[in-house]
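In: Please work out how this folds:
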Amino acid sequence: MKGVDPRSSVAGAAERRVADRRRRHWWSIWYGGVKPRRRDGRRRDDRERFSLVDWHAWHLLPIAIAILLLCAGDAVLTLRLLAGGAVEANPLMARVIGRDATVFAAAKMAMTGIGVVLLVAASRYRFYRVLRVEMALYALLAGYAALIGYEIWLLQRIGVHLPI
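Out: Have a look, this model is predicted:
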């Protein structure tokens, strides 16, 4: 019978959907980002399991932006240190830097950006049911702040002064 969903709870009920929303993945991601609805998991036991939501705490946005800004600052300071004779300690980034500084900065920002988006998406999840993933964002922010401080100290030690 045309127009009837065989999985419908009411036999013979007409299909109300205009389009099957399960086939529109990118539209759903975009729409959920613009008009978020889900603040918690759908079921009671979702609090104990991993569930993604599309409504995130407001304070995660400035944290994510600060992480990305510190990442950009780290890229600039790293290139400045390398020009002064330093060596990149990260073997993956050392290979990328050898090619081009622009590729290095783009790869660094892309990897950090993807990581931050995933951490924000999973921010309510509790790692081993104890530690919220949101705390990893704070740890990443603190780590980048410490790294920037260390790089500024290194630049001053080799005699390069930044116009701050």
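
In: now the helices for the chain?
Out: 25-34, 60-83, 91-97, 101-121, 134-157 (DSSP state H).

In: Distance to residue 127 and mean neighbour count for those - can I get that in TSV?
Out: C-beta coordinates here come from the backbone N, C-alpha and C atoms, glycine included. TSV is the format used below for those (distance: least, CB to CB, whole Å; neighbours: other CB atoms under 10 Å):
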stretch	distance to residue 127	mean neighbour count
helix 25-34	24	11
helix 60-83	16	16
helix 91-97	24	14
helix 101-121	11	15
helix 134-157	8	15
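
In: Least reliable of the ones you listed by average pLDDT, please.
Out: Sorting the helices of the chain by mean pLDDT places helix 25-34 lowest, at a mean of 62.

In: picking up where we left off before, columns distance to residue 128 on top of the helices of the chain, output as TSV?
Out: Shown next, in TSV, are the helices of the chain (distance: least, CB to CB, whole Å):
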stretch	distance to residue 128
helix 25-34	28
helix 60-83	21
helix 91-97	28
helix 101-121	16
helix 134-157	12
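
In: Next, find the distance separating residue 133 from residue 125.
Out: Taking CB to CB, to the nearest Å as the measure, residue 133 and residue 125 are separated by 5 Å.

In: Likewise for residue 114?
Out: Distance of residue 114 to residue 125, computed by CB to CB: 17 Å.

In: how does this protein divide into domains?
Out: 18-55, 57-157 (automatic domain parsing).

In: so who does residue 148 touch?
Out: Contacts for residue 148 (CB atoms under 8 Å, 6 or more residues apart in numbering) come out as 70, 73, 74, 77.
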